[in-house]
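> Kindly generate the corresponding structure for this input.
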Amino acid sequence: MRGQAAAPGPVWILAPLLLLLLLGRRARAAAGADAGPGPEPCATLVQGKFFGYFSAAAVFPANASRCSWTLRNPDPRRYTLYMKVAKAPVPCSGPGRVRTYQFDSFLESTRTYLGVESFDEVLRLCDPSAPLAFLQASKQFLQMRRQQPPQHDGLRPRAGPPGPTDDFSVEYLVVGNRNPSRAACQMLCRWLDACLAGSRSSHPCGIMQTPCACLGGEAGGPAAGPLPPRGDVCLRDAVAGGPENCLTSLTQDRGGHGATGGWKLWSLWGECTRDCGGGLQTRTRTCLPAPGVEGGGCEGVLEEGRQCNREACGPAGRTSSRSQSLRSTDARRREELGDELQQFGFPAPQTGDPAAEEWSPWSVCSSTCGEGWQTRTRFCVSSSYSTQCSGPLREQRLCNNSAVCPVHGAWDEWSPWSLCSSTCGRGFRDRTRTCRPPQFGGNPCEGPEKQTKFCNIALCPVDGNWNEWSSWSACSASCSQGRQQRTRECNGPSYGGAECQGHWVETRDCFLQQCPVDGKWQAWASWGSCSVTCGAGSQRRERVCSGPFFGGAACQGPQDEYRQCGTQRCPEPHEICDEDNFGAVIWKETPAGEVAAVRCPRNATGLILRRCELDEEGIAYWEPPTYIRCVSIDYRNIQMMTREHLAKAQRGLPGEGVSEVIQTLVEISQDGTSYSGDLLSTIDVLRNMTEIFRRAYYSPTPGDVQNFVQILSNLLAEENRDKWEEAQLAGPNAKELFRLVEDFVDVIGFRMKDLRDAYQVTDNLVLSIHKLPASGATDISFPMKGWRATGDWAKVPEDRVTVSKSVFSTGLAEADEASVFVVGTVLYRNLGSFLALQRNTTVLNSKVISVTVKPPPRSLRTPLEIEFAHMYNGTTNQTCILWDETDVPSSSAPPQLGPWSWRGCRTVPLDALRTRCLCDRLSTFAILAQLSADANMEKATLPSVTLIVGCGVSSLTLLMLVIIYVSVWRYIRSERSVILINFCLSIISSNALILIGQTQTRNKVVCTLVAAFLHFFFLSSFCWVLTEAWQSYMAVTGHLRNRLIRKRFLCLGWGLPALVVAISVGFTKAKGYSTMNYCWLSLEGGLLYAFVGPAAAVVLGLPVELLRGAAAAGADLDVGCARRHRPPLRPLPDPLRCLRLAGGLRHRHGALYPP
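Predicted coordinates:
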């Protein structure tokens, strides 16, 4: 039992403890809701709480294999974490163990815990011999984690009811290192007392130091109050005070279970009974009887008194008489004093003559055994006729008792803590105390004779070590080659230790069985020549079966096919095209309706085809020849090499040299195609490359993906427009291109090893591939944030696509957990102009966008959102269309649409320049618009209102300034005025070109000229500013009269910009002048530096000229003062005279000259 001062009051003392208990209940209620970011479904992260409690059964459920509870330190430099664990009564059993760590941070990329330190040795959760365990943590995170051993062969641990080993509870406390709260110190000191009381060599105390000054523990770090007391200064609740704060009993509360009964605290001293002449103060205490103890367990007196106000009431030897009012006051005091004394068992004082005053009865002996004291007191009662009292007011005497008092055993002071047992890392130290033995039947000493606690003088280097491997994941493929992986986490390293050696992830191949591949017919070869030119004949064509492999089904159907030919009648002479010499080729006579063929030029293989047709009058004529079957030698060689690599891949051989083939095709296609047959060959190569990528024996590299997309971009270059128009007649149309890109997205997406995104931006298309799981899918936006484009047309994307996350749901929870989707989005820059959808009344008014999802969803719950920017002005009836080969055109559908259809899309106009399409299927999309009568096929890129207003106001103001200068020219004629007028003319010309010609991008020649002149006038503006600075310097130095220098102003203002523009045009061949959207310098090729460089040079040259002019002007003033003001007697010049002389200078040509 502890004695305490009564000043604060019991309610005030208990208030902080009640607050901590309330916080603990809230922390227990929120323990399961504060889920951390970790991958475990039962991970708990606690932060922002300073006290809490949880049970193991709530945090570590039995049906979960990997669970963790983490407490985050708000600031390890300012706070320390403490934990109290009440262990289970039985030892641990079972495969799962709960381990305790502290660490600084966790790196998700390498699965590494930094600064990890284990507390298993401190807590010893599986050792029930010490029911309580405490620890102290000073790092960022304190974590308790339960892990099951890895299960092989797909076995999972069986879930069962929680056993006794899970029945432990934890309390945690976050205490500030400086100025901790009183409530936190009270609880921490109790923990420290309990920790030290239960410590021994095998179980040292885990609390090494505290920021609080505790009576029973060591005050470590900066304490909240002063240092331990000296002399009569005592500590109570970590606050220093007088002797009244000292404890009257040294019995300590161990673990919060102290004995009840004993003396309560003394009350405060009461008021003195007299103001002067000696009075009395008293205080009392009460006894709480202890159950089962005779006499209640209280020894001592209930009340004690002391003298007060001993000074005399008046001068010595003088009797002062009092008035009637004073006597009445004295009477009232005597009455009150009598009442108080009667309450404590004393007789009331006597009044009257001082000689009649009597002593009070002797008090009870202060001790029931041994030597004690008795006390009695008397009072001096004043009256108007009495003299001053003499003699003591209090007497004491010894009271003897024959009984010998028992002497209880008492502990000596604790010895100093011993040195730490380890020079680095976790050690322990202890201290001891000696018990003075009891006498005469006294009680023995209570409490431990030795206390032990952990210590950590320095940090030992700890090498990183791996945790156990997780179990192998399921095979990624049900047949053929697949992959499995498993992971592990690294603990450490800490304090300069070695890194974990090895990889945190491990993969291996898994092969369940070969996937059967059915035989597949290749495309039919072309029909052979007819056996006769007219009459009844026959033609033959054949096809090749690829496969079957690994038990697949054989190709069904015939290998060759025949048809009749030459059934037409033999033509008349006017129905035969005459021999013609066209394109350095001699075309022989050919009947109408037939196609003539000749060999391609020497740099190509194949045939040139030319068809003979009849006109409206029935006369035969030659159509233009087509080179759709002519393939250049370089393209043919690449095509043959690709087919060889495909044959190797089909036989299961590794692909070597595939990357070199793709790289070669990139270099060839950059120079453009010579014939339309080159487009056929390139698409065939890309199709075969897609099949090679699909095989498990070759993994495409990022370079292969980039080269593949670059080849597609090269095919869509503007130089190949005529080849595409020719190829669409009998060769690859848009359907082949769309199908090729869709297969490529499917193959590359699923061949990605990780869940990542691929983004390729080229001159003619942008390709985006997203790979994401169905369980954690989010809305996909195109273009993605933070993308980097290389071409001007893609730097500021105007078209947007939004794919809702509902597309990636199969409707089955189990399927969504294992499903992975690939989303591909392609933005074509100029494919719309190749599709030949433009007619007299319709035009394709947007870019073309393709969206594909693999595996394809059954239906779209949320429509696909696509926003298109219009390409032309003056169009009406904007209609969203999509590519749908399965849609049968109705009678009301325009015949020129072909496979394009508006079914499945809803058009939502946004403004005059944008349209939104809401579509319920995945396909290729665009905007089809009608041309109005006054439609201009100009790009919908007009100057903004801000630009028009700004340039207009600037030009108008400068024009007014020029007019004013011209009107008063005869009065202000000077070099500076000429420079100012030229500067205004250059700015006005620049503004006019910006407003009129900046958006003339349809005409390539006009746009180039506008960009070049803008370059010239902008540079001229900067040069005229530099010229003005040069003129000011010349005027100050007096060299302006030279006419040769004046003519150089014009050369600098107009000649230097013209020279820079001429050199830029000559080096770049005017390719960098004009972009897709504006007539200005392109960012590609560094041409923009031809403007930024000279402008920066002018800006840096201006301060130099100004400083030179200022220095010259100052030198002239100094010379003038020195020459005109030389007083004979004064050594220093008169500043006022210098100023007057300077004021006498006259202004001429914008400078100062002496008169």
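
> any idea where the helices of the stretch 601-750 of the chain begin and end?
Using DSSP state H, counting those that start in this stretch, the helices of the stretch 601-750 of the chain run over 633-650, 658-669, 676-694, 702-715, 721-730, 734-751.

> Now the fourth one: average pLDDT?
Averaging pLDDT along helix 702-715 yields 89.

> Figure out how far that helix is from the centre of its chain.
Counting by Cα atoms, centre = their mean, to the nearest Å, helix 702-715 is centred 32 Å from the centre of its parent chain.

> would Ser529 count as being in a strand?
No: applying DSSP: H, G, I helix; E, B strand; the rest coil, one finds Ser529 to be coil, outside a strand.

> Restricting to C-alpha, output stretch 629-641 in CSV.
Taking Å, rounded to 0.1, in the frame of the first residue of the first chain, the C-alpha atoms of stretch 629-641 are listed here in CSV:
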residue,chain,number,x,y,z
ARG,A,629,1.4,-8.9,-107.6
CYS,A,630,4.8,-7.2,-107.9
VAL,A,631,7.0,-7.7,-104.9
SER,A,632,10.4,-6.1,-104.5
ILE,A,633,13.4,-8.4,-104.1
ASP,A,634,14.1,-7.1,-100.6
TYR,A,635,10.5,-7.7,-99.5
ARG,A,636,10.5,-11.1,-101.1
ASN,A,637,13.6,-12.2,-99.3
ILE,A,638,12.2,-11.1,-96.0
GLN,A,639,9.0,-13.0,-96.7
MET,A,640,10.8,-16.2,-97.5
MET,A,641,13.0,-15.9,-94.3
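
> Can you list the buried residues in that stretch?
Arg629, Cys630, Val631, Ser632, Asp634, Tyr635, Arg636, Ile638, Gln639, Met641 (16 or more other Cβ atoms under 10 Å). Using the backbone N, CA and C atoms, a C-beta is placed for each residue, glycine as well.

> Out of those, which is nearest to Glu413?
Met641 (93.9 Å; Cβ to Cβ).

> what about the spatially closest residue to the closest one that is not a sequence neighbour, neighbour count?
The shortest distance from Met641 to any non-neighbouring residue, by Cβ to Cβ, 6 or more residues apart in numbering, is to Val661 (5.4 Å). Neighbourhood size, Val661 [other Cβ atoms under 10 Å]: 23.

> so Val661 makes contact with Met640?
No: with contacts counted by Cβ atoms under 8 Å, Val661 stays clear of Met640, the gap being 10.3 Å.

> As a check, name the ranges of all helices in the stretch 951-1100 of the chain.
According to DSSP H, counting those that start in this stretch, the stretch 951-1100 of the chain carries its helices in the segments 969-972, 975-997, 1004-1037, 1043-1050, 1056-1068, 1089-1124.

> Pick the most buried one from these.
helix 1004-1037 (a mean of 21; mean count of other Cβ atoms under 10 Å).

> between that helix and helix 975-997, what angle do the directions make?
Between helix 1004-1037 and helix 975-997, the angle comes out at 160 degrees (axes from the mean of the first three to the mean of the last three Cα atoms, to 10 degrees).

> so what does helix 1004-1037 touch, helix or strand wise?
helix 975-997, helix 1043-1050, helix 1056-1068, helix 1089-1124, strand 1151-1153 (3 or more Cβ pairs under 8 Å, 6 or more residues apart in numbering; DSSP states H and E).

> Quick one: mean pLDDT over it.
So the average pLDDT for helix 1004-1037 ends up being 81.

> So what angle separates the directions of that helix and helix 1056-1068?
140 degrees.

> just use 806 as the starting number from now, easier for me
New numbering, starting at 806: the last item is helix 1809-1842.

> Looking at the record's assignment, how would you partition the chain?
If you go by the TED database, the domain ranges for the chain are 848-911+923-953+972-1000, 1381-1427, 1438-1536, 1558-1691+1702-1739, 1750-1909.

> about what we covered before: got a markdown table for the helices of the stretch 1756-1905 of the chain, with distance to Val1310 too?
Formatted as a markdown table, those follow (distance: least, Cβ to Cβ, whole Å):
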| stretch | distance to Val1310 |
| --- | --- |
| helix 1774-1777 | 81 |
| helix 1780-1802 | 57 |
| helix 1809-1842 | 53 |
| helix 1848-1855 | 72 |
| helix 1861-1873 | 50 |
| helix 1894-1929 | 46 |
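
> Looking at the ones you listed, which is nearest to Pro1661?
helix 1809-1842 (41.9 Å).

> how far out from the middle of the chain is that closest one?
47 Å.

> Phe1543 contacts Val1656, correct?
No: under the criterion of Cβ under 8 Å, Phe1543 is not in contact with Val1656, lying 11.1 Å apart.

> The two: which has the busier surroundings?
Neighbour count, other Cβ under 10 Å: between Phe1543 and Val1656, Val1656 has more, with 25 against 21.

> Turn the buried residues of stretch 1434-1446 into TSV, including distance to Val1628 and pLDDT.
Converted to TSV, the buried residues of stretch 1434-1446 look like this (distance: Cβ to Cβ, whole Å; pLDDT from 0 to 100):
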residue	distance to Val1628	pLDDT
Arg1434	38	87
Cys1435	39	90
Val1436	35	91
Ser1437	36	91
Asp1439	35	90
Tyr1440	32	90
Arg1441	36	91
Ile1443	31	91
Gln1444	31	90
Met1446	32	91
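
> Which two of these have the greatest separation?
Arg1434 and Met1446 (20.3 Å).

> so what sits against both of Phe1543 and Val1656?
Thr1729 (Cβ atoms under 8 Å, 6 or more residues apart in numbering).

> Please name the nearest non-neighbouring residue to Gly1371.
That would be Gly1342: by Cβ to Cβ, 6+ apart, it lies 3.5 Å from Gly1371.

> for that neighbour, phi and psi?
Main-chain dihedrals, Gly1342, degrees, to the nearest 10: phi -140, psi -170.

> Repeat that for Asp880.
Taking degrees, to the nearest 10 as the convention, Asp880 sits at phi -160, psi 110.
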